[in-house]
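**Q** Need the 3D shape of this:
(2 chains)
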Amino acid sequence: DTEVTQTPKHLVMGMTNKKSLKCEQHMGHRAMYWYKQKAKKPPELMFVYSYEKLSINESVPSRFSPECPNSSLLNLHLHALQPEDSALYLCASSQLEGAHEQFFGPGTRLTVL
Amino acid sequence: GEDVEQSLFLSVREGDSSVINCTYTDSSSTYLYWYKQEPGAGLQLLTYIFSNMDMKQDQRLTVLLNKKDKHLSLRIADTQTGDSAIYFCAALNRGGATNKLIFGTGTLLAVQP
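**A** As a prediction, the model looks like this:
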């Protein structure tokens, strides 16, 4: 299995809602990443997990809360988001943190109303 | 920090070759990558080159690296309509204790039948 899967594919939420994005990989990778991508822009790194521990937080607002319950799963919990948080959220994994090949999932298209 | 730049748009006819260019600023970048993103989808790693190489060929794809000028290019031979997508150049930036992928602005490749 050489895939990174993400659910849901699309998510619409209000500013008072709480929702979660899920990412899964079964390649035995020990580093997982969250990126945010606005329309017509490159992906921007949000968080890096290495061996299930948070390694990098790129000064992301606390309304985004990542969680890595095991080596295959990565969640992004969302609460009290703003309309400007609407974007494509991409998950990626690599064998180790800093390993040069990152494999990306298809993304979750998030719309905040 | 690393800055990666690309031209925004390229239009070619089906069957022609496409050349997408990228410049970067950090000469210590060890790996340089080309990713493809189709509309509404995640990023697909197309190819990469290690910084001590000048050229890498993989089927229809040829990557050229000019380290002196910090210039990277991706040539797609016999371009097909299925190659229409946004192409991102990325550099692996080893800054301090962390390694990050720094993406370029993306080049939209439009292939005319």
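**Q** anything in the host helix or strand of B:Ser11 near chain A?
**A** If you go by DSSP states H and E, B:Ser11 is part of strand B:9-13. No: on the criterion C-beta under 8 Å from any C-beta of the partner chain, strand B:9-13 is out of touch with chain A, staying 10.9 Å away. C-beta coordinates here come from the backbone N, C-alpha and C atoms, glycine included.
**Q** mean confidence for that strand?
**A** The average pLDDT within strand B:9-13 is 97.
**Q** Helix, strand or coil: sort out the most centrally placed residue in chain A for me.
**A** The centre of chain A sits closest to A:Trp34, judged by C-alpha atoms, centre = their mean, with a distance of 3.2 Å. Here A:Trp34 takes the strand state, with states given by DSSP: H, G, I helix; E, B strand; the rest coil.
**Q** Quick one: find the helix or strand in chain B with the lowest mean pLDDT.
**A** strand B:98-103 (a mean of 81; mean pLDDT, DSSP states H and E).
**Q** Now do the buried residues in that one.
**A** Residues B:Asn99, B:Lys100, B:Leu101, B:Ile102, B:Phe103 are the ones in strand B:98-103 that count as buried (16 or more other C-beta atoms under 10 Å in any protein chain shown).
**Q** Neighbouring strands - and their directions - for that strand?
**A** strand B:85-95 (antiparallel) (DSSP bridges).
**Q** Output the strand it pairs with in CSV, but only the C-alpha positions, please.
**A** Output of strand B:85-95 as CSV, limited to C-alpha atoms (Å, rounded to 0.1, in the frame of the first residue of the first chain):
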residue,chain,number,x,y,z
ALA,B,85,-1.8,20.7,-14.4
ILE,B,86,0.0,22.9,-11.9
TYR,B,87,3.7,22.0,-11.5
PHE,B,88,5.4,22.9,-8.3
CYS,B,89,9.2,23.0,-7.9
ALA,B,90,10.3,22.4,-4.3
ALA,B,91,13.6,22.4,-2.4
LEU,B,92,14.5,20.5,0.7
ASN,B,93,15.7,23.1,3.1
ARG,B,94,17.9,21.9,5.9
GLY,B,95,17.5,24.7,8.4
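**Q** what residues does it touch?
**A** A:42-43, A:98, A:100, B:1-2, B:4, B:6, B:20, B:22, B:24, B:26, B:28-39, B:43, B:46, B:72, B:74, B:99-104, B:106-109 (C-beta atoms under 8 Å, 6 or more residues apart in numbering or on different chains).
**Q** which bits of chain B sit near chain A?
**A** B:30-31, B:33, B:35, B:40-45, B:48, B:88, B:92, B:94, B:98-101, B:103-106.
**Q** that older thread, give the other helices and strands that the strand holding B:Ser11 contacts.
**A** Using 3 or more C-beta pairs under 8 Å, 6 or more residues apart in numbering or on different chains; DSSP states H and E, the elements in contact with strand B:9-13 are strand B:18-24, strand B:107-112.
**Q** Could you identify which of those strands is most buried?
**A** strand B:18-24 (a mean of 19; mean count of other C-beta atoms under 10 Å in any protein chain shown).
**Q** Check which helices and strands that strand sits against.
**A** Applying 3+ C-beta pairs under 8 Å, 6+ apart, one finds that strand B:18-24 makes contact with strand B:4-6, strand B:9-13, strand B:31-37, strand B:71-76, strand B:85-95, strand B:107-112.
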